[in-house]
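**Student:** heads up, no residue letters with this:
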């Protein structure tokens, strides 16, 4: 199995990459830069991790740089994990349209364009591929300062559900994985007090483990989830 | 060129569980004559692109075999 994953150099993307490699599958990984951790994974699983540097704010060169020149039309692809995301956090009255546009490019427009070409790749090789979009619990609960970020993830959830409906008849699946708050770089700007308040809103009273999210993604990519599509799967420590 | 297109078209029809056709002309309409729906046309597009390196739907809708030939031969 060949899986395209974005944002592989750190945080959750690194965990997802590791879980996929442990499964014996191949990762076609995209990030802006190579990290020491990703290089270690590459060394530990020789011939299973392919990587290019690509800035996902570039919505225009997805076809040429990712699919034509790198993956190649002849390569069978089986899944796409839309993991990379930019978090532009602020209250709405401070909304800066340039920052908002940049975030939409990385979080929504480029992933939608990648979805276009991964579905084409599935069609060319008659693959019943699986797409997983990483969403956020902020879409469903609301947090002060996250309205703009949450709106990008809400867009992805709608896109995923409609992808599932549109392409289900050829066996292509799409699901959203709704992650709760994890200890990653993305949440590193939060204070301990802010984090504790977030964790108090969960049933388990703690952060979501990256490995739990990563393993659920592997499940959604696998044959075991063949009847699951168009769903929002919450891995959020029971946020209520 | 028409022969090769016919093979591609029949591959799509077969993959989608539809009956093959025996001939096409430049006037053949993709939906009305060949019976393609939008998902069939998507698969046709990727197969033509793999063969000819042209995305026939990149700048608008194509309706007939003749219009496909124009795009490929451009």
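**Tutor:** Received the coordinates, thanks. Please read all numbers here as calculations on a predicted model, not as lab measurements.

**Student:** farthest out from the centre of chain A, which residue is that? Tell me.
**Tutor:** With Cα atoms, centre = their mean as the measure, chain A has its most outlying C-alpha, relative to the mean C-alpha position, at residue A:93: 28.4 Å.

**Student:** secondary structure class for that residue?
**Tutor:** Following DSSP: H, G, I helix; E, B strand; the rest coil, residue A:93 is assigned to helix.

**Student:** residues contacting the nearest residue to residue B:29 once chain neighbours are set aside?
**Tutor:** Spatial nearest neighbour of residue B:29, excluding adjacent residues (Cβ to Cβ, 6 or more residues apart in numbering or on different chains): residue B:64 at 5.5 Å. Backbone N, C-alpha and C define where each C-beta goes, glycine included. With contacts defined as Cβ atoms under 8 Å, 6 or more residues apart in numbering or on different chains, residue B:64 is in contact with B:26, B:27, B:28, B:29, B:30.

**Student:** could you do residue A:180 as well?
**Tutor:** Taking Cβ under 8 Å, 6+ apart as the contact definition, residue A:180 lies against A:137, A:202, A:207, A:208, A:234, A:235, A:236, A:237, A:239.

**Student:** roughly how far is the lowest-mean-pLDDT helix or strand in chain A from the heart of the chain?
**Tutor:** In chain A, no helix or strand scores lower on mean pLDDT, DSSP states H and E than helix A:192-200, which sits at a mean of 85. Average the C-alpha atoms of helix A:192-200, do the same for its chain, and the two points are 24 Å apart (Cα atoms, centre = their mean, to the nearest Å).

**Student:** over to stretch A:107-114?
**Tutor:** Between the mean C-alpha location of stretch A:107-114 and the chain-wide mean there is a distance of 11 Å, by Cα atoms, centre = their mean.

**Student:** average pLDDT for that stretch?
**Tutor:** Per-residue pLDDT values across stretch A:107-114 average out to 98.

**Student:** identify all contacting residues around it.
**Tutor:** A:4, A:6, A:56-59, A:62-63, A:66, A:80, A:82, A:84-86, A:133, A:149, A:152-153, A:155-156, A:159.
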